[in-house]
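Sharing a model that was predicted from the sequence below.
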Amino acid sequence: MKIKSLIVIGVSSAVLAGCAGGHSAQDAQLDMAIERAAKRADIAGDDVQKIAVYERVYKQNPKSEKAAVEYARILRKTGRIAQAEAILSPFAEDIGAGADVFAEFAAIKVAKGENNEAEIFARDALKKQEDNSFAAHTLGIALDGLGRYKEAEESFRTALNSWEGSPVPVMNNLALNLATQGYIDESITLLERAKTLDPSRTELERNLRIIRALNETSGAYFPDSNVPTPTKKPKS
């Protein structure tokens with residue numbers, strides 16, 4: 001059974017990979033500053049406070065890719081997409097930028113619905129660092145948005161193989177992609193596994209109900225069907 005794409009725009013984030021090569025004392029200090037910022041952000045009461053924490057580090061290190069990526073990431077995750085793009089754009093325009101810059105910029109492009117551009121930047125990130133699971137996941141979302149479902153599936157599986165932290169967001173996206181391709185049984189199995197790993201994510205149960213309902217219908221899935229569309233992908 002062929003159905004229209006189920007994946008809704010949204011990207012989870014992964015811990016940034018360490019820089020390759022030597023690590024200067026200045027780099028170490030910046031790492032410590034970002035780590036402290038992350039801890040303060042975790043206990044911050046609201047998004048404004050979280051943003052302020054990373055903004056402070058960025059303004060103290062305006063030429064640092066790492067500080068810019070972290071600041072742009074928290075802006076994106078809190079819905080300030082245009083501001084995130086403005087912060088990271090100067091870095092993303094540099095072909096010598098690191099993989100994390102291109103990966104985060106791809107995520108920003110996905111958030112804007114600019115999937116063609118997102119694919120370019122995600123692939124640039126993977127050229128720099130082929131095991132960058134965040135870039136692979138973002139590439140999968142972009143490709144799915146472009147209707148290239150099989151390629152998207154391959155990217156999701158690549159991301160899942162090397163994902164750090166909870167794999168549930170990637171599992172959810174892969175499951176929705178498989179449902180789009182008509183592989184309903186595999187999609188349901190994957191969502192059930194994801195639900196076992198993180199029962200607190202209510203969107204997984206909702207997606208399960210939707211896909212099971214689609215499985216019970218005959219013929220193609222029509223946009224004006226009474227079956228609701230899946231929820232947004234869970235954030236990490």
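Ah, there it is.

Below-threshold pLDDT in this protein: ranges please.
Within the chain, the stretches with pLDDT under 70 are 1-26, 31, 33-34, 37-38, 41-45, 218-236.

If we use 80, what do you get?
1-46, 215-236 (pLDDT under 80).

Just say helix, strand or coil for Gly96.
Of the three states, Gly96 takes coil under DSSP: H, G, I helix; E, B strand; the rest coil.

One more: Ser166?
Applying three-state DSSP: Ser166 is coil.

Is it in contact with Ser200, as I believe?
No. The criterion here is C-beta atoms under 8 Å, and Ser166 misses it with Ser200 at 10.7 Å. The C-beta positions use only the backbone N, C-alpha and C, and glycine is treated the same way.

Looking at these two, which has the bigger crowd around it?
Shown here are Ser166 and Ser200; by other C-beta atoms under 10 Å, Ser166 has more neighbours (16 against 8).

Backbone dihedrals for that one, both of them.
phi -70, psi 130 (degrees, to the nearest 10).

distance of it from Arg76?
19 Å (C-beta to C-beta, to the nearest Å).

now swap in Pro90 and tell me
16 Å.

Pick out whichever of these two has more residues nearby.
Between Pro90 and Arg76, counting by other C-beta under 10 Å, Arg76 is the more crowded of the two (24 against 13).

Quick check: chain neighbours aside, which residue is closest to the more buried one?
Ala84 (4.3 Å; C-beta to C-beta, 6 or more residues apart in numbering).

Identify the residues contacting that neighbour.
The contact partners of Ala84, by C-beta atoms under 8 Å, 6 or more residues apart in numbering, come to Ala72, Arg73, Leu75, Arg76, Ile108, Ala111.

Which of the three states applies to it?
Ala84 is classified as helix under three-state DSSP.

Next one: it relative to Ala68, how far apart?
Taken as C-beta to C-beta, the span from Ala84 to Ala68 is 10 Å.

Likewise for Ala152?
Distance from Ala152 to Ala68, by C-beta to C-beta: 28 Å.

tell me the helices in the protein, going along the chain?
Along the chain, counting by DSSP state H, helices occupy 25-43, 47-60, 65-77, 81-92, 99-111, 115-128, 133-145, 149-162, 168-181, 184-197, 202-216.

The shortest one vs helix 115-128, what angle?
With axes from the mean of the first three to the mean of the last three C-alpha atoms, to 10 degrees as the criterion, the two stretches helix 81-92 and helix 115-128 enclose an angle of 40 degrees.

So for helix 81-92, what gets flagged as buried?
Counting neighbours by 16 or more other C-beta atoms under 10 Å, one finds that the buried residues in helix 81-92 are Ile81, Gln83, Ala84, Glu85, Ile87, Leu88, Phe91, Ala92.
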